[in-house]
Structures are given as C-alpha cells and as structure tokens.
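>>> the following comprises the amino acid sequence and a computationally predicted model.
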Amino acid sequence: MTDSQLAAHSADGASVGDPAQQSIRRMRNRVLVSSFIGSVIEWYDFYLFGIASAAVFNQLFFPEFSSAAGTLAAFAALAAGYIARPLGGIIWGHFGDKVGRKGMLVLSIVLMGVATTVVGLLPTYATIGIWAPLILVLMRLIQGVSAGGEWGGAVLMSMEHAPKRRGLSSSVAQMGLYGGILLANGVFALVAAVAGDAFLEWGWRIPFLFSAVLVVIGLWIRLGVEESPVFKQAREREAAKAATAEPRLPLVHVLRHPKNLLLSIALVLGAFAASAVYGTWIVSYGIEEGFPQADILNAVLIAAAIGLVFQPVFAYLSDLWGRRLVVGVGAVLQGLSIPVMFVLMDSGSVAAMYLGISIAAFAHAIVYSPLGAWLGELFPTTQRYTGASLGYQLAGTLGGGFTPLICASLLAASGGGTGGISLFMGGLCLLTVIAVLFAPETSRSAL
C-alpha cells in the first residue's frame with residue numbers, strides 16, 4: 001500500500017473519506033469544544049465567587065464583623081457551595097446515568113448562570129440588612145449543586161466520545177477549570193482597574209452579570225452535541241436485562257461497593273485543597289502580607305495559564321505511562337510546593353511571589369491532569385456519572401470547600417505563621433499518594 005493510501009485510512013482502518021467517519025470526527029470535535037467552553041463558563045461562575053469572597057464580600061455583605069471575622073464569614077459562604085456539590089453530584093449523576101449525559105449538562109449551565117447573575121443584582125447588607133448575606137449563601141448553594149453535576153458530565157462526554165486516548169480527551173474538560181479561573185481573575189482584574197474607586201460601589205457586579213452572556217453561548221454549543229455512544233450502548237444492554245433484573249439506583253450500586261468511591265475521594269483531595277490555596281485563599285493572604293491586589297490577581301492569572309497549558313501534556317503522558325505514575329509524582333511535588341510558595345512570598349519580593357504561586361500551579365497541573373479519566377475508569381458506564389461525580393465532589397467539599405476557612409483559622413491561631421498550613425497540605429497530599437498505591441491502573445482498560 002502506498003503512503004497516500006495509508007494516509008487515506010484512519011487509525012481503526014476506516015477510510016478518512018468515509019462520510020460516516022467524518023461525521024463521527026466532527027461530532028467528537030464538537031463535544032470536546034462543548035466540554036471545554038461549558039466547563040470554562042461553569043468554573044468562571046464558581047471561582048468568581050471565590051475571588052469576590054476574598055476581595056469584596058467581607059466588606060459588602062459582612063460589614064458588622066471585624067476585618068478578620070468578615071473574611072472568615074465570606075469564606076464560610078464560599079464553603080457552602082462546596083458543601084452542596086456532592087448533592088449536585090448525586091442528583092445530576094442519577095439522571096445522567098439513567099437518562100443521559102447531555103441533558104444534565106444543559107441544565108447545569110443554566111442553573112449556574114441564573115445563580116451567578118442573581119449575585120450580580122443582589123443588594124448589599126447596607127440596603128437590605130441580613131437578607132443580603134442569606135440570599136448570597138443561597139445562590140452559592142445553587143452554584144454548588146450545579147457545579148456538582150458539571151464536572152462529571154463534561155469529563156464523561158469527552159472520554160466516552162473518544163475512548164482511545166481517554167486521558168487526553170478528558171483533559172479538555174479538565175482544562176475548563178483552569179480556563180474558568182483564568183477568565184474569572186482576568187475579568188475581575190480588568191473591571192477593578194477600569195472601575196477604580198467605584199469598584200466596591202458597582203464595579204464588582206459586572207463580572208457576575210457577564211455570566212448571563214456566557215451562558216447563552218455555552219447553551220447554544222451544548223445543545224448541538226449528541227449523547228455519548230458508550231452510554232447509549234450501555235443503556236441498550238440495561239434495557240435488555242430490565243425484564244429479569246432487579247432495578248436499583250446507580251447510587252445504591254456505588255455505595256454497595258465503596259472501595260472505588262473512597263479511592264476517588266482520596267485521589268482528588270490533595271489537588272482540590274492545593275487549588276483552593278493558590279487559586280483562592282492566597283488572594284486574601286497576599287493582600288494581608290502587603291502585596292498589591294493587582295499583583296496577587298495577576299499571579300493567580302499566570303498560575304491558571306500554567307495549568308491550562310500543561311493540563312493536556314500530563315494527561316497525555318498518563319495515557320502513555322499510566323495514571324498511577326503521573327498522579328503519584330504530582331502529589332509528592334504538590335505537597336512540597338506549598339511550603340516553597342510560602343517561603344518565596346515571605347521574602348516580600350513581588351517576583352518571588354509570582355514564582356511561588358506558579359510553582360504550586362505547575363505541581364497541581366501534574367496531579368490533576370489524569371484524574372478526570374482515572375475516576376471515570378474506576379466505575380462501570382451505568383454508574384460512572386454517579387460514582388465519579390460523587391467521589392470528585394465529596395473531595396471538593398472536604399479539600400476545596402473548607403481549605404480557605406482552615407487556612408484562615410490556622411493563620412490566625414499561629415499569629416501569622418504558615419507552618420500549620422504546610423503540614424495540613426502535606427498530610428492531604430500524602431493521603432493522595434496512599435490512594436495511588438491502592439488504586440488499579442486503568443489507562444488501558446476498556447470502558
């Protein structure tokens with residue numbers, strides 16, 4: 001066969017010119033684009049709240065507290081979203097495993113957009129008193145429920161439409177997290193610079209209201225994708241068994257065999273906590289240490305860009321070398337990166353601060369990159385949305401939701417020392433390493 005003939009065949013032997021194959025490839029590409037853009041929008045909304053908690057909400061919604069207590073209250077509101085995420089994982093996972101992935105992704109992006117837009121329209125404490133923080137927390141809970149279903153659906157749609165390189169394919173949805181952080185910090189920093197002194201008065205609302213525009217774009221893209229072929233095949237098999245098999249909820253299946261659920265939580269726990277430290281809490285810490293707010297936001301912006309660039313690289317390496325090696329090495333480096341970041345920041349140098357946050361972000365990209373595929377591979381297709389989402393979101397609650405609050409408390413208890421935070425992070429990363437030792441290697445297993 002000539003080179004030109006070889007080039008005319010796809011990797012699985014189908015002709016590149018085959019209209020059916022071309023249609024499949026076009027749909028795979030649309031699914032990947034949909035997963036990335038939809039995830040960017042979801043995480044933009046979710047992390048925007050975190051940035052505002054560190055820089056704005058303590059003054060506008062909790063003004064009756066001291067500065068430190070107001071920051072703690074704002075981070076407690078932030079944690080409410082993480083607390084609600086497992087509930088979202090259960091709800092979205094159930095219907096995602098029973099009805100399909102696509103519909104749940106459409107619902108999640110609409111729900112998130114509505115909650116975020118309401119925050120942008122919400123009167124402050126000075127206008128409606130205690131109702132302001134109460135409604136703020138309610139919107140954060142709705143955000144949490146939405147985010148609880150977004151990650152699982154986006155990752156599974158990506159990997160189930162392109163199962164040959166599942167690590168790389170699922171990383172496209174994972175990249176949405178970094179893209180969301182990048183966009184949230186970028187928009188927040190831009191509006192802060194343009195609004196100037198008026199930022200606390202009205203400028204902070206613009207990034208939240210911008211979400212309504214993003215949701216329309218994401219919704220249009222997601223409505224054009226097809227359901228996962230792996231899920232449709234699994235549903236057909238399940239339907240054939242339905243007459244004789246005892247019906248059972250996907251959640252019940254997952255809880256009856258909890259090993260993989262517990263492994264999922266432990267695998268993601270350290271990564272979630274680390275991203276909460278260098279991506280959210282560090283804004284508050286940096287401002288208290290005397291760094292200009294603009295520099296802190298820019299440093300987090302650069303950190304997110306590092307994650308966005310290196311996410312597919314290490315995800316692809318996990319397809320080649322296996323999930324265990326990449327995640328294990330990444331977890332060790334992540335545990336070491338946090339104290340290094342604090343040492344560099346404590347020097348007082350703005351350049352060292354940029355470097356410290358960037359190192360933490362690079363280590364996070366290593367450990368986080370293969371996790372979307374790995375968690376999905378731990379569960380069978382008709383339980384995958386529920387199992388992967390629940391494990392991921394429980395880790396998000398424990399590692400991401402409470403970490404800013406824990407860090408603020410440890411910092412206050414130590415009189416400003418960061419040693420306790422470094423030990424706390426080291427312990428969580430060690431737990432991830434232990435989980436890696438017990439988790440099966442799934443990179444070459446069939447879905």
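Happy to help now that I have it.

>>> quick one: buried residues of whichever helix or strand residue 173 is part of?
Element membership of residue 173, judged by DSSP states H and E, is helix 166-195. In terms of neighbour count (16 or more other Cβ atoms under 10 Å), helix 166-195 has its buried residues at 166-189, 191-192, 195. Quick note: C-beta positions are derived from backbone N, CA and C, even for glycine.

>>> go on, stretch 275-295?
Burial within stretch 275-295, assessed by neighbour count using 16+ other Cβ under 10 Å, is assigned to 275-287, 291, 293.

>>> count of neighbours near the residue nearest to residue 124 when sequence neighbours are not counted?
The shortest distance from residue 124 to any non-neighbouring residue, by Cβ to Cβ, 6 or more residues apart in numbering, is to residue 60 (4.4 Å). Other residues near residue 60 come to 22 when the count uses other Cβ atoms under 10 Å.

>>> so who does residue 60 touch?
Contacts were defined as Cβ atoms under 8 Å, 6 or more residues apart in numbering; by that measure residue 60 touches 124, 125, 126, 132, 200, 204.

>>> which one of those residues sits closest to residue 337?
The shortest separation between residue 337 and any of the contacts of residue 60 is 30.6 Å, and it belongs to residue 204 (by Cβ to Cβ).

>>> skip the chain neighbours and tell me the closest residue to residue 147.
Nearest in space to residue 147, with sequence neighbours left out and distances taken as Cβ to Cβ, 6+ apart, is residue 46 at 5.0 Å.

>>> which of the buried residues of stretch 275-295 sits closest to residue 116?
The shortest approach to residue 116 among those belongs to residue 280, at 16.2 Å (Cβ to Cβ).

>>> how near is the residue nearest to that closest one when sequence neighbours are not counted to residue 79?
What sits nearest to residue 280 in space, not counting adjacent residues and going by Cβ to Cβ, 6+ apart, is residue 50, at 4.1 Å. Spatial separation of residue 50 from residue 79 under the definition Cβ to Cβ, to the nearest Å is 10 Å.

>>> what do you get for residue 28?
37 Å.

>>> these two: which is more packed in?
Summary of the neighbour comparison: residue 28 and residue 79, criterion other Cβ under 10 Å, with residue 79 having more neighbours (23 against 17).

>>> residues contacting the more buried one?
Counting by Cβ under 8 Å, 6+ apart, residue 79 has contacts 401, 402, 404, 405.

>>> go again using 6 Å as the cut-off
Remark: with contacts taken as Cβ atoms under 6 Å, 6 or more residues apart in numbering, residue 79 is in contact with 401, 402, 405.

>>> repeat for residue 237
When contacts are counted by Cβ under 6 Å, 6+ apart, residue 237 is found next to no other residue.
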